[in-house]
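A.B. asks: 3D model of this:
(one chain, ligands or ions: 1)
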Amino acid sequence: MSFEVAGHSKVGPSGQLPAQLILRRAAPTGFNREMGVTGMAGQGKLRTMISPVVLRRESLSDAGAVEQIVGAAFGADEPMLPTLVRALRPYSRFAAQSPPGSDPLALVAELDGAAVGHVMLTVGHIDAWESMVPVLVLSPLAVLPDHQGAGIGTDLVAGAVELAASTGAPAVFLEGSPTYYGARGFTAAEPLGFRRPSLRIPAPAFQVALLPGYRPWMTGTLVYPAPFWELDCVGLRDRALVQQIEAAG
Ligand SMILES: CC(C)(COP(=O)(O)OP(=O)(O)OC[C@H]1O[C@@H](n2cnc3c(N)ncnc32)[C@H](O)[C@@H]1OP(=O)(O)O)[C@@H](O)C(=O)NCCC(=O)NCCS
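C.D. replies: This next block holds a predicted model:
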């Protein structure tokens, strides 16, 4: 089986995703949202050199850098996120393709050799009538604030879907903005027969990308891996906000 996302690179049979170099588009060197191109102040000309954004599998030695990226991206509003990504790592493996000790099912985005973004997949289950079905959950997704808006998040989502497909998993789920993820291959999950893990996730935010391993009988409630519950990182605690998002569709 091979699978292609949005015309980007292909991955091979289950478990054969290259450890390095799904590579993608180019972004300006040192892009900085406030300053434009970092280091250009006073130079009087546009810097034209570009650097490729490289996606590679997270290795165990990336753990500290990953927590920094996640902490900086989510900021003080969601202080549990670095702890969550650490707690999720043991769940970032899919069946026999990822034995204990292997690299997690997660990608690091590098620009000029520096880690600037990250995405993680962990194993949840669909509680279907026939059996429990292992599926993947995409969370968290994070890009360093100075590098946001340059397409790196888009690359990470596409790479994560490719990585998910390479495992043979039937689907990858997430909770997030339908505008952002809807333009990146995801669709509302409830109309397809899936149920949210929590009513605190606004219905439009509960999304799925079906993969080649999906079969129509695989419907039911999504069960998150334990760390999401243990760290209270599921949905929103603001009931009025959930109702407002659902009313807006
Ligand atoms: C969300 C995030 C990963 C996007 O990464 P990115 O590299 O900036 O994204 P891209 O450059 O590929 O895409 C930029 C687009 O995403 C939109 N966007 C960014 N954050 C968004 C959000 N929280 N909700 C909806 N859209 C968002 C931008 O407005 C921009 O839209 P445009 O293409 O119409 O101009 C990044 O902003 C981030 O790390 N945010 C903090 C952590 C977070 O919220 N993670 C997602 C949790 S579900």
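A.B. asks: for the protein, what spans make up the strands?
C.D. replies: Ranges of strands in the chain, per DSSP state E, are 3-4, 10-11, 22-28, 31-32, 36-37, 50-57, 106-111, 114-127, 132-143, 171-175, 187-188, 194-195, 206-210, 220-223.
A.B. asks: how about JSON lines for those strands, with mean neighbour count and distance to the ligand added?
C.D. replies: For the C-beta atoms, the positions are set from N, CA and C on the backbone; glycine is no exception. Listed next are those as JSON lines, based on neighbours: other CB atoms under 10 Å; distance: least, CB to the nearest ligand atom, whole Å:
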{"stretch": "strand 3-4", "mean neighbour count": "14", "distance to the ligand": "19"}
{"stretch": "strand 10-11", "mean neighbour count": "18", "distance to the ligand": "20"}
{"stretch": "strand 22-28", "mean neighbour count": "18", "distance to the ligand": "9"}
{"stretch": "strand 31-32", "mean neighbour count": "18", "distance to the ligand": "10"}
{"stretch": "strand 36-37", "mean neighbour count": "14", "distance to the ligand": "15"}
{"stretch": "strand 50-57", "mean neighbour count": "18", "distance to the ligand": "10"}
{"stretch": "strand 106-111", "mean neighbour count": "24", "distance to the ligand": "8"}
{"stretch": "strand 114-127", "mean neighbour count": "23", "distance to the ligand": "7"}
{"stretch": "strand 132-143", "mean neighbour count": "23", "distance to the ligand": "4"}
{"stretch": "strand 171-175", "mean neighbour count": "25", "distance to the ligand": "7"}
{"stretch": "strand 187-188", "mean neighbour count": "15", "distance to the ligand": "15"}
{"stretch": "strand 194-195", "mean neighbour count": "19", "distance to the ligand": "18"}
{"stretch": "strand 206-210", "mean neighbour count": "23", "distance to the ligand": "10"}
{"stretch": "strand 220-223", "mean neighbour count": "18", "distance to the ligand": "15"}
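A.B. asks: TSV for these, including mean pLDDT and distance to residue 229?
C.D. replies: As requested, the strands of the chain are exported to TSV (pLDDT from 0 to 100; distance: least, CB to CB, whole Å):
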stretch	mean pLDDT	distance to residue 229
strand 3-4	29	31
strand 10-11	33	31
strand 22-28	47	32
strand 31-32	36	37
strand 36-37	30	43
strand 50-57	89	27
strand 106-111	98	20
strand 114-127	98	11
strand 132-143	98	12
strand 171-175	98	14
strand 187-188	98	23
strand 194-195	98	16
strand 206-210	98	16
strand 220-223	98	10
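A.B. asks: check which helices and strands the helix with the most length in the chain sits against.
C.D. replies: In the chain, ranked by residue count with DSSP state H as the criterion, the top helix is helix 152-166. Contact here means 3 or more CB pairs under 8 Å, 6 or more residues apart in numbering; DSSP states H and E; on that basis helix 152-166 packs against strand 3-4, strand 10-11, strand 22-28, strand 50-57, strand 106-111, strand 114-127, strand 132-143, strand 171-175.
A.B. asks: redo the strands of the chain as a markdown table? Include distance to residue 70.
C.D. replies: Putting the strands of the chain into a markdown table (distance: least, CB to CB, whole Å) gives the following:
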| stretch | distance to residue 70 |
| --- | --- |
| strand 3-4 | 27 |
| strand 10-11 | 25 |
| strand 22-28 | 20 |
| strand 31-32 | 20 |
| strand 36-37 | 26 |
| strand 50-57 | 16 |
| strand 106-111 | 11 |
| strand 114-127 | 6 |
| strand 132-143 | 5 |
| strand 171-175 | 15 |
| strand 187-188 | 26 |
| strand 194-195 | 26 |
| strand 206-210 | 20 |
| strand 220-223 | 22 |
